[in-house]
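predicted structure and sequence below. I'll ask about it afterward.
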Amino acid sequence: MKNILLALIIGIAPLLAHASEDGMKNMKADIDLDNKSSLQRGARLFTNYCLSCHSAAYMRYNRMGADLGLTNKQVAKNLMFAADKVGETMTVAMTKHDAAKWFGTKIPDLSVVARARGSDWLFTYLMTFYVDPSRPWGVNNARFPSVGMPDILWELEGMKKPVYKIHKNHEGREEKTLVSYEQVTPGKLSPVEFRDSVTDLVNYLTYMGEPAKMERQRWGVVALIFLAIFFFVAYALKKEYWRDVH
């Protein structure tokens, strides 16, 4: 009985943690794991902007290339900056000691971050960095307040500042709610282009969290079709075998 209760507690713990956050509603990530072009663009963004600090130790370059429709030569030329062989995992040169020294904390591996946080959470997180001079890196995040990570995509998006709405709570005290953003400096991409790029990156992170998901789902459909056909065959055999009995 104790084991059952422990399993239930572990199972609902992520839900309780999610419910205890600040109540901010996540944006919807337009994920399409069948879109290989999007996954390729997302992989390029990941290796260019994320892989310098964050590892993906459970993903191999050649597995990624095969799933995304890329040859080993294409992977080596365009996506490999921290490895020598395509069979290697996506690790980084930064040590845990250096990470703690420079960032004040351990840098998490991103192999399964989409499964842990959810695609919508990741999309919202990457879309809601804003200027905050009080923070060590000069930025903060609406989805993850007081985050210790710099805005790695600032060159693409530019810098923006939050716009708040002042209102009174049920106790009569004034509170401010973030309602929108105001562009401070432009980025290399337009807002629409940046949103599409973040979608590609989250799409790749979602794929990386479970690379076999699409294949598993396809085989699941095949299995269901087989069982549906077998049902009619088995029913016909049953009628034939029991015809004399009835």
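Nice, thanks for sending it over. Numbering: from 1, shown residues only.

what about the residue nearest the centre of the chain, distance to Lys188?
Nearest residue to the geometric centre of the chain (C-alpha atoms, centre = their mean): Ala114, 3.4 Å. Separation of Ala114 from Lys188 (C-beta to C-beta, to the nearest Å): 25 Å. Where C-beta positions appear, they are placed from N, C-alpha and C, glycine not excepted.

surely Lys28 and Ser119 touch.
No - contact criterion C-beta atoms under 8 Å: Lys28 and Ser119 do not qualify, at 9.0 Å.

helix, strand or coil for Leu70?
coil (DSSP: H, G, I helix; E, B strand; the rest coil).

show me what contacts it?
Leu70 makes contact with 40, 64, 78-79, according to C-beta atoms under 8 Å, 6 or more residues apart in numbering.

distance of it from Cys53?
24 Å.

list of residues touching stretch 148-163?
49-50, 103-105, 126, 129-131, 136-139, 142, 178-189, 191, 194, 197-198.

now swap in stretch 51-59 and tell me
Against stretch 51-59 from outside (C-beta under 8 Å, 6+ apart): 46, 81-82, 89-92, 94, 99, 103, 107-112, 208, 211.

6 Å instead, please
89-92, 94, 107, 109-111, 208 (C-beta atoms under 6 Å, 6 or more residues apart in numbering).

most surrounded residue in those?
Met90 (27 neighbours; other C-beta atoms under 10 Å).

for that residue, name its beta-bridge partners.
Taking DSSP bridges as the rule, Met90 bridges to Ala56.

and the strands in this structure?
56-60, 89-90, 129-131, 139-141, 158-168, 174-186 (DSSP state E).

show me the shaky parts of the chain.
1-23, 246 (pLDDT under 70).

swap the cut-off to 80 and go again
When residues are selected by pLDDT under 80, those of the chain lie in 1-24, 82, 93-106, 167-172, 174, 213-218, 243-246.

how is it carved up into domains?
Following automatic domain parsing, the chain resolves into domains at 24-211, 220-246.

now do the contacts for Met214.
Leu33.

quick one: it from Phe123, how far?
19 Å.

please apply the same query to Leu153.
12 Å.

between these two, who's got more neighbours?
Neighbours around Leu153 and Phe123, counted as other C-beta under 10 Å, are more numerous at Phe123. The numbers are 26 against 20.

return the distance of Asp32 relative to Gly209.
15 Å.

more neighbours: the two, which one.
Gly209 (22 against 14).

hmm, the more buried one is touching Arg115, no?
Yes - between Gly209 and Arg115 a contact is recorded at 4.1 Å, counting by C-beta atoms under 6 Å.

report how many residues lie close to Ile152.
16.

any figure for the gap between it and Phe46?
Applying C-beta to C-beta to Ile152 and Phe46 gives a distance of 11 Å.

swap in Ser119?
Using C-beta to C-beta, Ser119 is found at 14 Å from Phe46.

what is the burial count for the residue lying closest to Lys28 once chain neighbours are set aside?
Leaving aside its chain neighbours, Lys28 sits nearest to Asp120 (6.0 Å; criterion: C-beta to C-beta, 6 or more residues apart in numbering). Neighbours of Asp120 under the rule other C-beta under 10 Å: 17.

right, and Asp120 touches Lys25 too?
No - look at Asp120 against Lys25 with C-beta under 6 Å: they stay out of range, at 9.2 Å.
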